[in-house]
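In: Model the following, please.
(chains A, B, C and D)
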There are 2 protein chains.
Amino acid sequence: MKKAPTSRGPRPGSIARVEGIHYADLNEHFGYALKRAQIASFEAFSRATAGEEITPPRYTALVILAGNPGISQSALGEVLGTARSGAMMLADWLEQRGLAERRHKPEDGRAWGLFLTAKGEKLLKKLKRNVRAHDKRFGDKLAPAERRELLRLLEKLAG
Amino acid sequence: MKKAPTSRGPRPGSIARVEGIHYADLNEHFGYALKRAQIASFEAFSRATAGEEITPPRYTALVILAGNPGISQSALGEVLGTARSGAMMLADWLEQRGLAERRHKPEDGRAWGLFLTAKGEKLLKKLKRNVRAHDKRFGDKLAPAERRELLRLLEKLAG
DNA sequence: GCAGTTTGTTATATAGCATTACAATTTCGC
DNA sequence: GCGAAATTGTAATGCTATATAACAAACTGC
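Out: Residues are numbered from 1 along each chain as shown, chains lettered A, B, ... in the order given. Predicted coordinates:
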């Protein structure tokens, strides 16, 4: 098997169905179906963000910061569904690259607000374009009505 | 925040939507929607397998072994979309607990075939019952037609 | 029979988390 | 106001799942 020049980290690609294997009722399970779809989606995301060291949580953090300037790290952690310490490492990572900065909150001496820098906003704008384009191409496997339906069903399932 | 008695390992639960946060167009992205749904699904899986040290890959391996007795470790790795070494550790884990065993393949001195033991089959039967039940309850957020449609769309997306 | 490939295996490294503990600060009960 | 409890950010530590690389044994093609 030929290896593509790995830009960074693991590249799951999509889990191919293997010839001659009996998958039994695995296909009936939501978890399995979701995972396979998610891996395929992640592949599209990877292509969209090739070159940058962006992972889905990092991208999500950028989007959340853009939409909620001054959000606290605890709140960010809650949004991402991760522990405070995880949000902190994320904030560290963003800050080290000059994509975001912490500013003291005047009304609370403990808390720091997170803000995108100009550089962060610029990167996000670029990423958004690419991610959206790849997401669109990825979604082109479905008809427009199917796409909307899928998003609706997923939301219902996750809620 | 109260802690439920954690049986083992992390418990992501579901990522709650946080009051007052602007999610912007995150909701339009398949990756984000898939992840949220998958986390919710994983929670159902966790409840279904509480008490046993079963993870999704382990469960998948059990199902695949049951449906494909004598499968090689390489093939198992391919089915799971993981590296050979990962399949090996999985096989080790199953063997150490007496759930599966390796038997030499007569026609190939390198390869070992994997087989469920009686204990493994028994455990799988029990797990299947629970997982299916929880998957069903999880899927009850959707109407039967919606469930079928969702699985169809996911398969189309993952293919 | 020899070169190259495949299988299982081991060792090692890494990323992404969670957990725990702690100091500074705020809020709450009274 | 004052002390207790909670909250925020932080640092240290560890764990789990996984990939990668290197290797021996066995197989395949020529």
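In: Every contact and neighbour count from this point should use C-alpha atoms.
Out: Will do.
In: which residue ranges form the helices in chain A?
Out: Counting by DSSP state H, chain A has these helices, from start to end: A:30-48, A:56-67, A:73-80, A:84-96, A:118-139, A:144-158.
In: Among these, pick out the one with the most neighbours on average.
Out: When you average the neighbours per residue for each of the helices of chain A (mean count of other Cα atoms under 10 Å in any protein chain shown), helix A:30-48 leads with a mean of 22.
In: For that helix, give the mean pLDDT please.
Out: On average, the pLDDT along helix A:30-48 is 94.
In: Stretch A:123-134 too?
Out: The pLDDT scores in stretch A:123-134 average 95.
In: Which residues outside it are in contact with it?
Out: For stretch A:123-134, the external contacting residues (Cα atoms under 8 Å, 6 or more residues apart in numbering or on different chains) are A:44-45, A:47-49, A:59, A:62-63, A:99, B:29.
In: Distance from the chain centre to it, please.
Out: For stretch A:123-134, the separation from the chain centroid amounts to 12 Å (computed by Cα atoms, centre = their mean, to the nearest Å).
In: Looking at the contacts of stretch A:123-134, which two lie furthest apart in space?
Out: Across the contacts of stretch A:123-134, the longest distance by Cα to Cα is 23.4 Å; it joins A:44 and A:99.
In: could you measure the residue nearest to residue A:15 when sequence neighbours are not counted against residue A:97, distance?
Out: In space, not counting the residues next to it along the chain, residue A:15 is nearest to residue B:81; the distance is 5.1 Å by Cα to Cα, 6 or more residues apart in numbering or on different chains. Distance from residue B:81 to residue A:97, counting by Cα to Cα, to the nearest Å: 33 Å.
In: Looking at those two, which one has more neighbours?
Out: It is residue B:81, of residue B:81 and residue A:97, that has more neighbours when counted by other Cα atoms under 10 Å in any protein chain shown, with 20 against 11.
In: in terms of contact, does that one touch residue A:18 like I think?
Out: No - Residue B:81 lies out of contact with residue A:18 (Cα atoms under 8 Å); the separation is 10.0 Å.
In: what do the two both touch?
Out: For the pair residue B:81 and residue A:18, no residue contacts each of them under the criterion Cα under 8 Å, 6+ apart.
In: Grab the most central residue of chain A for me.
Out: Among the residues of chain A, the one closest to the centroid is residue A:56, at 2.2 Å (Cα atoms, centre = their mean).
In: Check the residue lying farthest from the centre of chain A and give its pLDDT.
Out: Distance from the C-alpha centroid of chain A, by Cα atoms, centre = their mean, peaks at residue A:20 (34.0 Å). Note for residue A:20: predicted pLDDT of 88.
In: Over to residue A:9?
Out: According to the model's per-residue confidence, residue A:9 sits at a pLDDT of 31.
In: Equivalent analysis for residue A:70, please.
Out: What the model reports for residue A:70 is a pLDDT of 96.
In: Not counting sequence-adjacent ones, nearest residue to it?
Out: Nearest residue to residue A:70, sequence neighbours excluded (Cα to Cα, 6+ apart): residue A:113, at 4.1 Å.
In: Hmm, the one you found is touching residue A:75, no?
Out: No - under the criterion of Cα under 8 Å, residue A:113 is not in contact with residue A:75, lying 10.0 Å apart.
In: in the sheet, who's paired with the closest residue to residue A:69 other than its chain neighbours?
Out: Nearest in space to residue A:69, with sequence neighbours left out and distances taken as Cα to Cα, 6+ apart, is residue A:115 at 5.2 Å. Under DSSP bridges, the beta-bridge partners of residue A:115 are residue A:101.
In: contacting residues for residue A:115?
Out: The neighbours of residue A:115, taking Cα under 8 Å, 6+ apart as the test, are A:65-66, A:69-71, A:100-103.
In: Check it and give its pLDDT.
Out: 98.
In: How many residues are close by residue A:24?
Out: Look at residue A:24: counted by other Cα under 10 Å, it has 12 neighbours.
In: residues touching it, list them.
Out: Residues in contact with residue A:24 (Cα under 8 Å, 6+ apart) are B:63-64, B:67.
In: Which residues of chain A lie near DNA strand C?
Out: Taking Cα under 7 Å from any atom of the strand as the contact definition, chain A meets DNA strand C at A:1, A:9, A:55, A:57, A:81-86, A:107-110.
In: of all these, which two lie farthest apart?
Out: By the measure Cα to Cα, those have their two most distant members at A:1 and A:107, which lie 58.4 Å apart.
In: who's more crowded, the two?
Out: Higher neighbour count among residue A:1 and residue A:107: residue A:107, with 7 against 3, using other Cα under 10 Å.
In: For the more buried one, grab phi and psi.
Out: Comment: the main-chain dihedrals of residue A:107 come out as phi -90, psi -10, following degrees, to the nearest 10.
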